[in-house]
Every structure is written in C-alpha cells, then in structure tokens.
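[1] generate coordinates for the sequence data below:
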Amino acid sequence: MVDAGVLGGAGELTDRAGGVGLKQTLHALLERITKGQDPQAFFAALCTADKPCLSVCNRSWRRGSIAYRCLVCEVDPSCAICPDCFQAGEHAGHDYRIVQAAGSCDCGDEDALSRTGFCPRHGAPLGDDGRPVYQPHLPPDVSADLNRLLSLCCRRLLADTVTALHGSAGDDEPEEAATPGGDAQAVRQLLLGARHGELRLVREALRKGASADTVDAQHHLRPTALHWAAQHGYVSVASVLLDAGASVRSENVFRQTALQVAVFEGHSKLVKLLLDRGADPAHSDAVFGSSLHIARHEAVPRRRAKTLALLEAAPAGAAAPPPNGLADGPSQGLPASSGGGSGGADEQPYGRHSGAVALELVRAHLSWLTELCKHGDSVREAIADAAKEGLLLRVLLGLRITCDRDLPVGPPGVPAGMAVAQPLAELDELCHSLLLFAPFKRALLSETLLLYPGLIGLSLVSRGEQIAPGAPVATLAHRAAAAAAA
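    Numbers count the residues shown, from 1 in each chain. Got it, this is the predicted structure:
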C-alpha cells in the first residue's frame, strides 16, 4: 500500500486549496485500480460471458414508441419492458398491454417485474444465500481498493457540499474594480468586443486605456477578455489582446486559463495561438485538470485529435505535480482512508469564490460517480454503500433544493454563485442509477422525509421550533452542514 499521507492527513483526495484538478485526480486513482487499462474494458473482462455488467436493461424510448406491460409478471403497474426483452422472455399466454408512453425498460428489476418475467440477458442470479450476485465479479484486492477510493471520494464530496452551502465571506463581499486603468466605458466596450468578436470595439477600447487583462466582474466565473475570445474561437481578437499585453496565465475562479477554455470548445486555431504565446498545457484547474487531460478525457465537441496533437507537441511550462504523486513508480494499490472529519473545516479552500467553485466540484463529483456506475452493478452497489453513510445524502439534498430555488441573493452563507446555479440534475442521475439497491433506496427516502417538513415550513427538530416559509430548506441544509463539519 502507498503511504496514506499521499492523499493528505484528513483523507482528502487532493489539497482543496490547490494542486491537480479533481477529475484528473479521480481518473489517476481509478487508473491505478484498473492497472492502467481502460476502465470499461477492465470491468467488462471481469463479467461472466453470458451476463452483462448491468442486470437491468434500462433501454429508453420516446413517446410513441412501442413497449409492453405484462399484467401477469409485473410487480409495479407503472413498469414496462422493451420489445426485445418481451419477446425473449417467457410471456407466452400472458395477458399484456401495449404502451406508447416514454420510459425505460425495467427487465431485470425485481421491484418492477417478477423474476419469471426477465429475459435471459437480464436479472442478477441468486447466490446460495438468496441474495443477488452482481456483475462484474471483483477480485478482493480490486474490491478493497475501489471501496477505499469511494470512501475518500464521498468524504471529499461531503466537504465540497458543505462549502457550497456555506460559501465563504468572500462570496458576499463587493467585487473590486474590474481592471486597473481605463474608464468604465472602455472596460465595458472591451468585454463586449471580446465576447462578440467585434475587433473594432476591442482596438478602440484598448486605445482608450482599457487593460488587456480586464476581468468581467459581472460574470460569476470572472473571465478575462482573453477567456471570452478563447471560448468563442475569435483568433483575431485574441491575437490583438495578446499583442496588447494580455497574459496567457490569467485565470477565472476555477483556475482555468484561456487555453483550457479553448480546448474545451475545440478551437484548435486558438489553441495553437495560445501555445505559441507560451500557454502551459500542463497547468491544472480546480475541477477538470490540465489541458492535456481535458483533451483526452472530456467531451471536446470538435477537432479533438488536432487539438491533442498540438498540446502533446508543445513544451510544458513550469512542471505540474503529478496527481497525488501517482505518476511515480508502479501501481501499488490505494491508501487506506483515515477516519473522522468531513474536510469541511477550511472556510475558504478555493479562495475568494469558494462557494461557487465548490458547487462546480460537487457537480463534477456526481458526474464522475454516475459514469462509474456504467461499469457494472457490483460497482454501483459499492457506490450506493458509500453514498448512504453519514450525512452526505442529507446535505446533498439540501444543496439540490437550494439550487432549485435559484436564490438571487440568499440567506447568509449561500454563495453568490448560487444565483446562476442550474438545478442539481447530476444528483438525480446518480440516485436513479443507485435505486436498484434497497439499503440506498431506504436511506434516500429517509433523508427526503427528513427534509420534507422544512419544505412546507413545519417544525423540523424540536417542538415549538418553526422555520419561516421561504427559507426552511437552506436553514436545514446549513444545520446539516454544520453538523457534518463538527
């Protein structure tokens, strides 16, 4: 085993105040478990040949498509199965109905359909103890390392969720001037020109004295003019800004440079321009990691191969540390997680805009766990077991409801970035993937019922204690976060 100190004394995945991006770190740790293989191929190789990694079909269809309800086999009257599973199952002579509502196939789910109605491809076989035996069959060392990784991941997720709910003092403080020098009109003109590709406006604003490193203080990500040009692929605008002194090292609140933004959008010409001007492909942001990692593992919309070739050929800037030292030496397993604490004691782990950054990290955590679920039911079961422990579900549900309310200002502690927050759909997707497992389903229901009184303004904890309608969920979520941090 690797020294537990590699992941920090509190058992966090990485230093929340800096270091390598969260998703790059998670990818590196998972790669150690799979011994450098592609995770999909690694886990698929551990499955029995006649059974898929996922025991429930989950094939989805749109409204108007044909699906079936077997009235003899169904346990839940809302269940439906796709034509392939219906025809492959033993439904001869059964009373059935054709349905054309949108949905997904429940074949293999014992809560929806009796086992006699499963097709041969779906449904986990039962072991000698009568419990389902899920695929893939994880060797003891792989199972142990996966459980350690998930334990560390959930503790870090709890810490980031607490930070997203509480925010930091800096989130609510008034923003400083957007840029040194230049009048407000020139600043607005420069940002407008960079955002919309108006080269004439950019040049005129620079002549009026606007700084080439102007920050858009009205945007929750605090991008520079160069970030806007990189996002939309305006090569001429970016070139003018760089000639005027714009720094390729300028960062937004997520520590992303213009290069990382251009890589995300697949603007290969702008990537080449920034690399020629000294941008560092190894620089890591707080969420995704380096530009190289983004090009290799994120959903780059266009010209991925060309962008990746440019990044790989470019010399790196200041050497970036490998994720948790994992690049040194052969794989030796994962460190054991240390007990106690949520990692939430640091009030400003991500600087001035900790709340907004933590919210994006929560989304990244949840998306990564949902992707991990695709590798099989035994992996999903391990995720479900880790996620239902402690206060994680309660605090996540509180954050989800707070995001749904999209508070424009919010009570003290709710980060200013929440005003632009989208619903926390990533949590819905993860929970949907884990509802196959009864212990997780019971835990989710319990935590939902605990939050429900707060939604309608009823007493939450002690008799006589009332929460004013309009902010009960945020209050309860803050209370849960405070308990987690303690």
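
[2] please, which helix or strand holds the closest residue to P136 other than its chain neighbours?
    In space, and not counting its chain neighbours, P136 is closest to L46: 3.5 Å by Cβ to Cβ, 6 or more residues apart in numbering. To be clear about C-beta, it is placed using only N, CA and C from the backbone, and glycine gets the same treatment. Assigned by DSSP states H and E, L46 falls within no helix or strand.

[3] where does the prediction get shaky in the stretch 251-400 of the chain?
    Low-confidence segments of the stretch 251-400 of the chain (pLDDT under 70): 316-349, 351.

[4] beta partners of E74?
    L113 (DSSP bridges).

[5] now do the contacts for it.
    By Cβ atoms under 8 Å, 6 or more residues apart in numbering, E74 lies in contact with A112, L113, S114, G117.

[6] and for L310?
    Counting by Cβ under 8 Å, 6+ apart, L310 makes contact with S268, V271, K272, L275.

[7] tell me how this protein divides into domains.
    4-29+141-172+334-485, 60-117, 184-320 (automatic domain parsing).

[8] for L270, give its distance to V133.
    51 Å (Cβ to Cβ, to the nearest Å).

[9] is it true that the residue nearest to P136 touches L138?
    Yes. With contact defined as Cβ atoms under 8 Å, L46 reaches L138; the gap is 6.5 Å.

[10] comparing those two, which residue is more hemmed in?
    Comparing L46 with L138 by other Cβ atoms under 10 Å, the one with more neighbours is L138, at 21 against 17.

[11] state the helix or strand in which the most centrally placed residue in the chain lies.
    Centroid check for the chain by Cα atoms, centre = their mean gives A364 as the closest residue, at 1.7 Å. Taking DSSP H and E as the definition, A364 sits inside helix 354-373.

[12] which strands and helices lie in contact with the helix or strand that that helix is followed by?
    Following helix 354-373 in sequence order, the next helix or strand is helix 377-387 (DSSP H and E). Here helix 377-387 touches helix 140-166, helix 354-373, helix 425-434, helix 438-455, going by 3 or more Cβ pairs under 8 Å, 6 or more residues apart in numbering; DSSP states H and E.

[13] ok, which of those helices comes nearest A194?
    helix 354-373 (21.6 Å; Cβ to Cβ).

[14] what packs against the closest one?
    If you count contacts as 3+ Cβ pairs under 8 Å, 6+ apart, helix 354-373 packs onto helix 22-33, helix 140-166, helix 169-172, helix 377-387, helix 392-405, helix 425-434.

[15] and with 7 Å instead?
    helix 22-33, helix 140-166, helix 169-172, helix 377-387, helix 425-434 (3 or more Cβ pairs under 7 Å, 6 or more residues apart in numbering; DSSP states H and E).

[16] next, the angle helix 425-434 makes with the second one.
    Here helix 140-166 runs at an angle of 150 degrees relative to helix 425-434 (axes from the mean of the first three to the mean of the last three Cα atoms, to 10 degrees).

[17] how about helix 140-166: buried residues?
    142, 144-166 (16 or more other Cβ atoms under 10 Å).

[18] out of L270 and V133, which sits in the busier spot?
    L270 (27 against 16).

[19] now L126: phi and psi?
    phi -90, psi 140 (degrees, to the nearest 10).

[20] ok, back up a step: out of the contacts of L310, who's the most crowded?
    Counting by other Cβ under 10 Å, top hit in the contacts of L310: V271 with 30 neighbours.

[21] let me know the secondary structure of it.
    Here V271 is recorded as helix under DSSP: H, G, I helix; E, B strand; the rest coil.

[22] can you pull the contacts of the nearest residue to G123 once chain neighbours are set aside?
    Distances taken as Cβ to Cβ, 6+ apart put G108 closest to G123, at 4.5 Å, once the chain neighbours are dropped. Applying Cβ atoms under 7 Å, 6 or more residues apart in numbering, we find G108 in contact with S55, V56, C57, F118, H122, G123.

[23] was I right to think the third one contacts C107?
    Going back to what we said before, that points to C57. Yes. C57 lies in contact with C107 (Cβ atoms under 7 Å); the separation is 4.3 Å.
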